[in-house]
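[1] Need coordinates for the below:
(one chain, ligands or ions: 1)
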Amino acid sequence: MTDQTARLLIVGPQGSGKGTQGVRIAEAFGIPAISTGDMFRAAVAAGTDLGNQVKTLIEAGNLVPDELTSAVVADRLAQEDAADGFLLDGYPRNLGQVADLDAFLEARGEKIDAVIELNVPREESIARLTQRAQEQGRTDDTEEVIANRLGIYERETAPILGVYRERGAVDTIDGVGSLDEITERIVAALEQRGLTRRALA
Ligand code: ADP
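    Numbers count the residues shown, from 1 in each chain. Take a look at the predicted model:
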């Protein structure tokens, strides 16, 4: 237990680098990085019931139903390592999930400390996705599915930023630059909020 909490969200379009930065930031603050996309892909790879339920949706780039997604996240956040903080990547992804997360946190007397919005121009994120498709061969990185995912981001996910912006929780970060530069920008913004990175042991 520490006296400081860091409950963070990272939000940005596909190809914004939020997965990579999320892991780096979580490490700097000594909290687990929790990616719903990674959890779902792991479930698919392991052939669990959850994996079988979500496989077709993920391959088409469609969202997994809120009820299922929010239950998976609630289970994960209830684990001991998330007691003092966490960084969520890929959740909440629409207004319904914001309401689910609010209810979960409120019941525990907790709240989100900061929302990192990673901004990248559309051409840049498409270029990065195309490269990732070649390198990693993710089944949802085909041109058609990428277009579907970006459309869902713009219609359903971008609006969640308005909610958190009203709460004064959003730090908008320029996501173009070297990995280290971007990490430093995010850390600087979080430090401005009084969140301190974990002292190195
Ligand atoms: P990306 O941000 O590049 O689309 P993710 O790894 O975040 O990749 O998500 C991959 C897929 O997992 C999504 O297209 C969707 O099918 C599913 N998914 C991930 N997070 C959520 C969520 N919060 N709600 C519903 N579906 C989700």
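[2] Phi and psi next, for the closest residue to the ligand within the chain.
    At 1.7 Å from the ligand, Gly37 is the closest residue in the chain, using C-beta to the nearest ligand atom. Every residue, glycine included, has its C-beta placed from N, CA and C. Dihedral angles of Gly37 (phi, psi; degrees, to the nearest 10) stand at phi -60, psi -50.
[3] Can you pull up the most central residue in this structure?
    Asp89 (1.4 Å; C-alpha atoms, centre = their mean).
[4] and that residue, what does it touch?
    By C-beta atoms under 8 Å, 6 or more residues apart in numbering, the residues touching Asp89 are Ile10, Lys18, Gly19, Gly22, Ala33, Ile34, Ser35, Thr36, Gly37, Asp38.
[5] so Ile58 makes contact with Val44?
    Yes - shown here, Ile58 and Val44 form a contact pair, counting by C-beta atoms under 8 Å, at 6.7 Å.
[6] Could you count how many residues lie near the residue of the chain closest to the ligand?
    A count of nearby residues for Gly37, using other C-beta atoms under 10 Å, gives 17.
[7] give the contact list for it.
    Listed by C-beta under 8 Å, 6+ apart, the contact set of Gly37 reads Gly19, Asp89, Gly90.
[8] give me the subset of those touching the ligand.
    Gly90 (C-beta under 6 Å from any ligand atom).
[9] mind listing which of the contacts of Gly37 are in helices?
    Gly19 (DSSP state H).
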